[in-house]
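Asker: My questions concern the predicted model and sequence given below.
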Amino acid sequence: MLVVDDHPLLRDGLVQLISGAPDFVLFGEADGPAETILAVDSDPPPDLVILDLMLGYADGLELIKQIRMLRPGLPVLVISMHEEAIYAERSLRAGAAGFIMKKEASSRVLEAARAVLRGEFYLSGRMKVLLSGKEDVAQPTLAAILPDADPPLSDRELQVFRMIGAGLATREIAAELRLSIKTIETYRENLKLKLRLANAAALSKAAKEWVSRL
């Protein structure tokens, strides 16, 4: 089992949790995409990747897609401090086998890991109800968890929006994502259109307000 988290304290906690379970064997740990891909590409590979979705500014959703391309049969369990209503469905679409919040009890994390190793998908009961489209569950206000965009933001647009909210300038975002400044400017224009924002200042304000609620 490979544990991927860029926070040493949280990663150590997961490593200790896995190491203490009699039916699990720790394969190793990584703190970023490059180390993760190197471990996944090893022979033999790990049997499961437990992945923190936010590795700095790296795109965890894109990393899941890369893992799936490299090892189609390797299950990925996403563990995140960010709201499942935003990222759980996106993680499954990217190829993850499960999503669990970091605030869950240790026993739930082990339960989720065992489920995906059995070939099952794992989501919280609340998230299963949300994805089923039922209305008999208390849902958070949409504006509080996801930008009110029409049409909805793509995974990359959501990532750029989050980076704008974190205070990064266009040039800094381009450098972090290894994309051209022109490409980031295009994403910014798309964000303004989808979010119905008049200018760059309004986009920056909306992004910062949204990030502050996460």
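Answerer: Arrived safely. For clarity, every value in this text was computed on a predicted model and none was experimentally measured.
Asker: The residue nearest to residue 59 when sequence neighbours are not counted: what's it in contact with?
Answerer: Leaving aside its chain neighbours, residue 59 sits nearest to residue 159 (5.2 Å; criterion: Cβ to Cβ, 6 or more residues apart in numbering). Every C-beta, even on glycine, is put in place using the N, C-alpha and C of the backbone. The contact partners of residue 159, taken as Cβ atoms under 8 Å, 6 or more residues apart in numbering, are 57, 59, 61, 177.
Asker: wait, doesn't residue 203 sit right on residue 193?
Answerer: No: the criterion here is Cβ atoms under 8 Å, and residue 203 misses it with residue 193 at 10.4 Å.
Asker: Which residue of these two possesses the greater neighbour count?
Answerer: residue 203 (19 against 12; other Cβ atoms under 10 Å).
Asker: Please identify the helix or strand for the residue nearest to residue 200 when sequence neighbours are not counted.
Answerer: Nearest in space to residue 200, with sequence neighbours left out and distances taken as Cβ to Cβ, 6+ apart, is residue 188 at 7.0 Å. Here residue 188, judged by DSSP states H and E, is contained in helix 181-194.
Asker: packing partners for that helix?
Answerer: Applying 3 or more Cβ pairs under 8 Å, 6 or more residues apart in numbering; DSSP states H and E, one finds that helix 181-194 contacts helix 155-165, helix 170-177, helix 200-213.
Asker: Pick the most buried one from those helices.
Answerer: helix 155-165 (a mean of 21; mean count of other Cβ atoms under 10 Å).
Asker: Just want the angle from that helix to helix 200-213.
Answerer: Going by axes from the mean of the first three to the mean of the last three Cα atoms, to 10 degrees, helix 155-165 is angled at 90 degrees with respect to helix 200-213.
Asker: by how many degrees do helix 155-165 and helix 181-194 diverge?
Answerer: Relative orientation of helix 155-165 versus helix 181-194 (the same axes, to 10 degrees): 90 degrees.
Asker: I'd like to check the angle between helix 155-165 and helix 170-177, please.
Answerer: 130 degrees.
Asker: got the contact list for stretch 169-184?
Answerer: 57, 59, 159-160, 163-164, 168, 185, 188.
Asker: go on, stretch 28-48?
Answerer: 1-6, 8, 11, 15, 27, 49, 51, 55-56, 58, 63, 66-67, 70-71, 74-77, 113, 116-117.
Asker: Return the set of buried residues in that stretch.
Answerer: Neighbour counts using 16 or more other Cβ atoms under 10 Å place 29-31, 33, 36-37, 39-40, 45-46, 48 of stretch 28-48 among the buried residues.
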